[in-house]
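Undergrad: sequence below, structure please.
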Amino acid sequence: MKYAIVEISGRQFWLERGQYYDLNKIPTAINQKIVLNRVLLLNTGSKILVGDPYLTEVNVKARIVKHLRGRKTLVYKMRPKKKSRKKQGHRQELTRVFIENINVI
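TA: This is a model prediction of the structure:
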């Protein structure tokens, strides 16, 4: 099983070929292809390559499928004995990508 660990927008993701992933919003058009080149680790099944901090000879090709919003998370703040309460909701803007290929140059 071939997989790569990639840093995208400050977070690290375990990516496999042929899978869909929801990432923080990437401002690009739908069906546009993108290249993720901040690869931290690559496992090809027979060998493991670890970057320092990134692998320059490895990149991941992905396609933007759609833009969506994540589930609502509630933020509730209360100060006891002050009758102060604040309830807020937040929905994160996400981009769904399809991993097409993991290339070793």
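
Undergrad: what about the most far-flung residue of the chain relative to its centre, which SS state?
TA: Distance from the centre of the chain peaks at Lys81, with 41.6 Å (CA atoms, centre = their mean). Classification of Lys81 by DSSP: H, G, I helix; E, B strand; the rest coil places it in coil.

Undergrad: quickly find the element holding Thr95.
TA: Thr95 is part of strand 93-104, with elements assigned from DSSP states H and E.

Undergrad: list the neighbouring strands of that strand plus their orientation.
TA: Strand 93-104 pairs in its sheet with strand 20-24 (antiparallel), strand 58-69 (antiparallel), by DSSP bridges.

Undergrad: the residue nearest to the spatial centre of the chain pairs with what?
TA: Nearest to the geometric centre of the chain sits Leu23, at 3.6 Å (CA atoms, centre = their mean). Beta bridges link Leu23 to Thr95 when assigned by DSSP bridges.

Undergrad: residues touching it, list them.
TA: When contacts are counted by CB atoms under 8 Å, 6 or more residues apart in numbering, Leu23 touches 8-9, 11, 13, 94-97. (Each C-beta comes from the backbone N, C-alpha and C, glycine too.)

Undergrad: make it 7 Å
TA: Listed by CB atoms under 7 Å, 6 or more residues apart in numbering, the contact set of Leu23 reads 8-9, 94-95, 97.

Undergrad: repeat for Leu49
TA: Shown in contact with Leu49 (CB under 7 Å, 6+ apart): 41-42, 55, 58.

Undergrad: could you dump these to CSV with pLDDT and distance to Thr28?
TA: Formatted as CSV, the contacts of Leu49 follow (pLDDT from 0 to 100; distance: CB to CB, whole Å):
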residue, pLDDT, distance to Thr28
Leu41, 96, 25
Leu42, 96, 24
Leu55, 96, 23
Val58, 95, 21
